[in-house]
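1. Predicted model and sequence follow; I will ask about them next.
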Amino acid sequence: AQSVTQLDSQVPVFEEAPVELRCNYSSSVSVYLFWYVQYPNQGLQLLLKYLSGSTLVKGINGFEAEFNKSQTSFHLRKPSVHISDTAEYFCAVSPANSGGSNYKLTFGKGTLLTVNP
Amino acid sequence: NAGVTQTPKFRVLKTGQSMTLLCAQDMNHEYMYWYRQDPGMGLRLIHYSVGEGTTAKGEVPDGYNVSRLKKQNFLLGLESAAPSQTSVYFCASSLSHKQFFGPGTRLTVL
């Protein structure tokens, strides 16, 4: 079984400031890692994912995340945020071995990023 | 492509009533999922399907049933709604690890 902990439920920042949203996971097997974003009153959309290879992953809208296996972390970063980045961000994991039932995602509880002018 | 669509968008039920939420996808995806989202709880998997005619329980399946009679459709049923089932319900589909989400159904049970 896997679990995901998002360490901050809310992160307020000013426009053009850098931001880091923290995510730690626990799993007895190797995992794939994801960040999803949910804009107000919308469904979730994939921001970026780590399956294998380089531990620094770049996603849409200027976001990036770094997989740290020793610290079981997958923190999300952006060097300069915009008002339009205001949204809820979810970290998620799934088992790394392939197969339909292993595509299930376990989500963290979410971090609300609020970008103020 | 419409992607993943959900019907209805909003619904209010009385305790004990039944209803079915419909999820449809036009991407020919094998895998489909139903989640519920509650404040401060993230998304929790209710049921999922790895192909037409198959369903399996997720993390919080009690009080819900599902059916996948056609590959493109995944139905979520509430036989006897309870106030604890007030939530926003999201459907998703995938070919592999990338899941595509619908816009959600906001359900209130009085």
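-> Now that the structure is in, tell me what you want to look at. Numbers count the residues shown, from 1 in each chain, chains lettered A, B, ... in the order given.
2. Tell me the bridge partners for B:T5.
-> According to DSSP bridges, B:A24 are recorded as the beta-bridge partners of B:T5.
3. tally of neighbours for it?
-> Using other C-beta atoms under 10 Å in any protein chain shown, B:T5 is surrounded by 14 other residues. Yep, even glycine has a C-beta here, placed from its N, CA and C like the rest.
4. who touches it in this structure?
-> When contacts are counted by C-beta atoms under 8 Å, 6 or more residues apart in numbering or on different chains, B:T5 touches B:C23, B:A24, B:Q25, B:G102, B:P103.
5. rerun that using 10 Å as the cut-off
-> Contacts for B:T5 (C-beta atoms under 10 Å, 6 or more residues apart in numbering or on different chains) come out as B:L22, B:C23, B:A24, B:Q25, B:D26, B:C91, B:G102, B:P103.
6. Which residue lies nearest the spatial centre of chain A?
-> By C-alpha atoms, centre = their mean, the mean C-alpha position of chain A lies nearest to A:W35, the distance being 3.0 Å.
7. do the same with chain B
-> B:W34 (3.3 Å).
8. Among the contacts of B:T5, which one has the most neighbours?
-> Busiest of the contacts of B:T5 [other C-beta under 10 Å] is B:C91, holding 30 neighbours.
9. My guess is it contacts B:Q72. True?
-> No - using C-beta atoms under 10 Å, B:C91 is not in contact with B:Q72; the gap is 11.6 Å.
10. Which residues are in contact with each of these two?
-> The contact sets of B:C91 and B:Q72 overlap at B:C23, B:A24, B:Q25, B:M32 (C-beta under 10 Å, 6+ apart).
11. between those, which is nearest chain A?
-> Among these, B:M32 lies closest to chain A (C-beta to the nearest C-beta), at 10.4 Å.
12. thinking again about what came up before, let me see the contact set for the residue nearest to the centre of chain A.
-> A:21, A:23, A:46-50, A:57, A:59, A:63-65, A:74-76, A:89-92, A:108, A:111.
13. Apply 8 Å and report the result again.
-> Contacts of A:W35 (C-beta under 8 Å, 6+ apart): A:21, A:23, A:46-49, A:59, A:63, A:65, A:74, A:76, A:89-92.
14. and those, which of them are in strands?
-> A:21, A:23, A:46-49, A:65, A:74, A:76, A:89-92 (DSSP state E).
15. What about chain B: which of the residues you listed touch it?
-> Near chain B, judged by C-beta under 8 Å from any C-beta of the partner chain, the entries from those are A:L46, A:K49, A:F90.
16. in what helix or strand does the closest residue to A:S26 other than its chain neighbours lie?
-> Using C-beta to C-beta, 6 or more residues apart in numbering or on different chains and skipping the chain neighbours, the partner closest in space to A:S26 is A:S3 (4.7 Å). In this structure, A:S3 is located in strand A:2-6 according to DSSP states H and E.
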